[in-house]
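[1] fold the following.
(chains A and B)
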Amino acid sequence: GAVVSQHPSWVICKSGTSVKIECRSLDFQATTMFWYRQFPKQSLMLMATSNEGSKATYEQGVEKDKFLINHASLTLSTLTVTSAHPEDSSFYICSAQGSGSRTVEQFFGPGTRLTVL
Amino acid sequence: AQSVTQPDIHITVSEGASLELRCNYSYGATPYLFWYVQSPGQGLQLLLKYFSGDTLVQGIKGFEAEFKRSQSSFNLRKPSVHWSDAAEYFCAVVGGSGGFKTIFGAGTRLFVKA
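    Model prediction:
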């Protein structure tokens, strides 16, 4: 149990276009999901906390107008990179917070590789 | 503020040798501690976790970790490394405040030589 999927697993887009990444909890409901960014050979950097039915909370230095997050249901959160540029190329990972006795745990998706040309 | 330090950027061990990856944390209360492994281009896989109780925790793939409150450490160990263990390892801490955010260490890259 506690499986999280991401779609797409990789995407290549042209500079200036927008890209949407989906994060789904497949077998549990997730009130809270998290979005991370990981540059090559670096650790995960938390971008934002996504709460179902409310606005996301962004970490300092993350542009909320560029990285739009929507958590419309208890099983789906989306991250839209608007007007993407080459510097947005990165590995994006989402996670879903467990519930009940597993509230402390996060379950990670497999990641999405974004390449902006 | 919570923080996690992994002092070793990379470690090389011979196949069959023992392994210890270091992790130190900074947190005011008893933390929730995790070790994850990441293969290139992949997501994170949970190796083990510590919440409370027995300070020596067993995980998957033959890994174990010991929580030492006096040293603020949660080092990961494996008695005999296999070539397939080559990967990036992240130590992480979750606090009860701030919505259970996970704070990751910088990671340790493990190389295994034949």
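
[2] spell out which residues of chain A are next to chain B.
    Counting by C-beta under 8 Å from any C-beta of the partner chain, the positions of chain A adjacent to chain B are A:6, A:32, A:34, A:41-44, A:46, A:49, A:57, A:91, A:93, A:95, A:97, A:103-106, A:108-111, A:113. All C-beta spots, glycine's among them, are computed from the backbone N, C-alpha and C.

[3] make a ChimeraX selection of whichever of the residues you listed turn out to be buried.
    The ChimeraX selection below is limited to those of the residues of chain A next to chain B classed as buried (16 or more other C-beta atoms under 10 Å in any protein chain shown):
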select /A:6,32,34,43,44,46,49,57,91,93,95,97,104,105,106,108,109,110,111
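
[4] pretty sure A:His7 contacts A:Leu26?
    No - at 11.5 Å, A:His7 does not count as touching A:Leu26 under the criterion of C-beta atoms under 8 Å.

[5] overlap in contacts, the two.
    Overlap of the contact sets of A:His7 and A:Leu26 (by C-beta atoms under 8 Å, 6 or more residues apart in numbering or on different chains) is empty.

[6] pLDDT-wise, which helix or strand of chain B ranks last?
    When the helices and strands of chain B are scored by mean pLDDT, DSSP states H and E, strand B:102-104 comes last with a mean of 90.

[7] strands paired with that strand, and their directions?
    Looking at strand B:102-104 with DSSP bridges, its partner strands are strand B:87-94 (antiparallel).

[8] so the nearest residue to A:Arg102 once chain neighbours are set aside, which state does it fall into?
    Using C-beta to C-beta, 6 or more residues apart in numbering or on different chains and skipping residues adjacent in sequence, the residue nearest A:Arg102 is A:Ala2, 7.2 Å away. The assignment at A:Ala2 comes out as coil when based on DSSP: H, G, I helix; E, B strand; the rest coil.

[9] give me the pLDDT for A:Ala2.
    pLDDT for A:Ala2: 85.

[10] just the one 4 residues further on next, same as before
    Per-residue confidence for A:Gln6 comes out at a pLDDT of 97.

[11] nice, that's everything, thank you.
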